[in-house]
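A.B. asks: Okay, here's the prediction I keep looking at, along with the sequence it came from:
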Amino acid sequence: MEDSTASSGLVADGMYVHALLRYPVKSMLGEAVATLFVDEHGADGDRRLALLDADTGHVASAKNARLWRGLLRCTATADAGRVTIGLPDGTSVAADDPGVDDRLSRLLGRPVRLIAQRPEGATLVRPDPEKLLELGLDAEVGGRILRIAQATPGDAFTDEAPLHAITTATLEHIGVEALRYRPNVVITTPPDYRPYAENDWVGRDIAIGAARVRALTATSRCVVPTLEHGPLPRAPQALRTPAAENRWDTGGHGAQPCAGAYLAALAAGVIRVGDRVAIG
């Protein structure tokens, strides 16, 4: 029988899906899953909820670590479309609980509202991540206002693309856990695969299980991977290493530290842990 990837012009070279992750609430810890349906809207159940800052109107994001790094002390999981938020004190609250806004506002020290529909022109604050590492997470650091999800149809609260992938080669080189970079797909690579090779995927088609995606750009990194993630301590090397080794201008804002690749689905499908990955 003819190999479907070979007949489509894609080449499988020993890569496969190591892990699949989704993050039901933006900037909270997420969950590993065995299967993940992806389409033009991104990954099913991924970043479908977010907190809106009642004072500023911006979407809450741990990129603005001074205000929102506490979100990474919370975990969001989804079961049959119902999202539950685990709080640092060990209790939990359903996303549709009438008291969820009050509980999260008290936790974060700011009035917030949990929303499921992305406002038109939704934005978040992205302080300069390297300045945050230099001056401290509570420093008043300049940066830019990022309009989110411009490449993602629907209501998902993704940043610059519907999907994100990273390789074990890059993670092992930097020496950090995959969840710090908040990917949807972690791809196991052969021993000789070089770190940051995701840069070379840009503009190419990739078959991952039953889905077919295209790599849009290398993923510029913010301060989030360096922060405490639940019980995990801070990891400054998650930004400092790619800053020293892999800088790319991915969106007209100058050379940024990059690790991983942003993706968009060309053909919807289900991805499973262990699926083969083939790159055109």
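C.D. replies: Thanks, I have the structure now. Residues are numbered from 1 along each chain as shown.
A.B. asks: For W68, what are phi and psi?
C.D. replies: Phi and psi for W68, reported as degrees, to the nearest 10, are phi -120, psi 10.
A.B. asks: show me the contacts for it.
C.D. replies: By C-beta atoms under 8 Å, 6 or more residues apart in numbering, the residues touching W68 are S27, A60, S61, A62, L108. Any C-beta I mention is one placed from the backbone N, CA and C, and that applies to glycine too.
A.B. asks: ok, now how distant is it from A151?
C.D. replies: Look at W68 and A151: by C-beta to C-beta, to the nearest Å, they are 23 Å apart.
A.B. asks: So which of the contacts of W68 belong to helices?
C.D. replies: Counting by DSSP state H, the part of the contacts of W68 found in helices is L108.
A.B. asks: could I get the contacts of W68 as a markdown table with neighbour count, pLDDT and distance to G175?
C.D. replies: Shown next, in a markdown table, are the contacts of W68 (neighbours: other C-beta atoms under 10 Å; pLDDT from 0 to 100; distance: C-beta to C-beta, whole Å):
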| residue | neighbour count | pLDDT | distance to G175 |
| --- | --- | --- | --- |
| S27 | 27 | 98 | 23 |
| A60 | 28 | 98 | 29 |
| S61 | 25 | 98 | 25 |
| A62 | 22 | 98 | 21 |
| L108 | 19 | 97 | 30 |
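A.B. asks: and the contacts of W68, which two are the farthest apart?
C.D. replies: Spatially, the most separated pair among these is S61 and L108, at 12.2 Å (C-beta to C-beta).
A.B. asks: name the element the closest residue to T188 other than its chain neighbours belongs to?
C.D. replies: Nearest residue to T188, sequence neighbours excluded (C-beta to C-beta, 6 or more residues apart in numbering): H18, at 4.1 Å. H18 is part of strand 11-22 when elements are defined by DSSP states H and E.
A.B. asks: now do E160
C.D. replies: Using DSSP H and E, E160 falls within no helix or strand.
A.B. asks: ok, now A139?
C.D. replies: Under DSSP H and E, no helix or strand contains A139.
A.B. asks: Contact partners for it?
C.D. replies: Contacts for A139 (C-beta under 8 Å, 6+ apart) come out as R66, K131, L132.
A.B. asks: Beta-bridge partners for T35, please?
C.D. replies: Under DSSP bridges, the beta-bridge partners of T35 are R272.
A.B. asks: If you tally nearby residues, what's the number for it?
C.D. replies: Other residues within reach of T35, judged by other C-beta atoms under 10 Å, total 13.
A.B. asks: Look at the nearest residue in space to L137 that is not next to it in sequence and report its pLDDT.
C.D. replies: Ranked by C-beta to C-beta, 6+ apart and with sequence neighbours excluded, the top spatial neighbour of L137 is A65, at 4.4 Å. Note on A65: pLDDT of 97.
A.B. asks: C-terminal to the strand holding H18, what's the next element?
C.D. replies: strand 31-33.
A.B. asks: Measure how far that following strand is from the centre of its chain, please.
C.D. replies: 13 Å (C-alpha atoms, centre = their mean, to the nearest Å).
A.B. asks: name the helices or strands packed onto it?
C.D. replies: strand 11-22, strand 75-79 (3 or more C-beta pairs under 8 Å, 6 or more residues apart in numbering; DSSP states H and E).
A.B. asks: can you rerun that using 7 Å?
C.D. replies: Packing partners of strand 31-33 (3 or more C-beta pairs under 7 Å, 6 or more residues apart in numbering; DSSP states H and E): strand 11-22.
A.B. asks: Not counting the strand it packs on itself, show me its contacts.
C.D. replies: Contacts to strand 11-22, defined as C-beta atoms under 7 Å, 6 or more residues apart in numbering, come from residues 5, 30-33, 36, 43, 45-46, 168, 178-179, 183-190, 208-209, 271-279.
A.B. asks: Stretch 196-212 now?
C.D. replies: Applying C-beta under 7 Å, 6+ apart, the external contacts of stretch 196-212 come out as 5, 8, 10, 17, 38, 166-167, 169-170, 185, 213-218, 246, 248, 258-261, 265-272, 275, 277-280.
A.B. asks: Kind regards, and thank you for your time.
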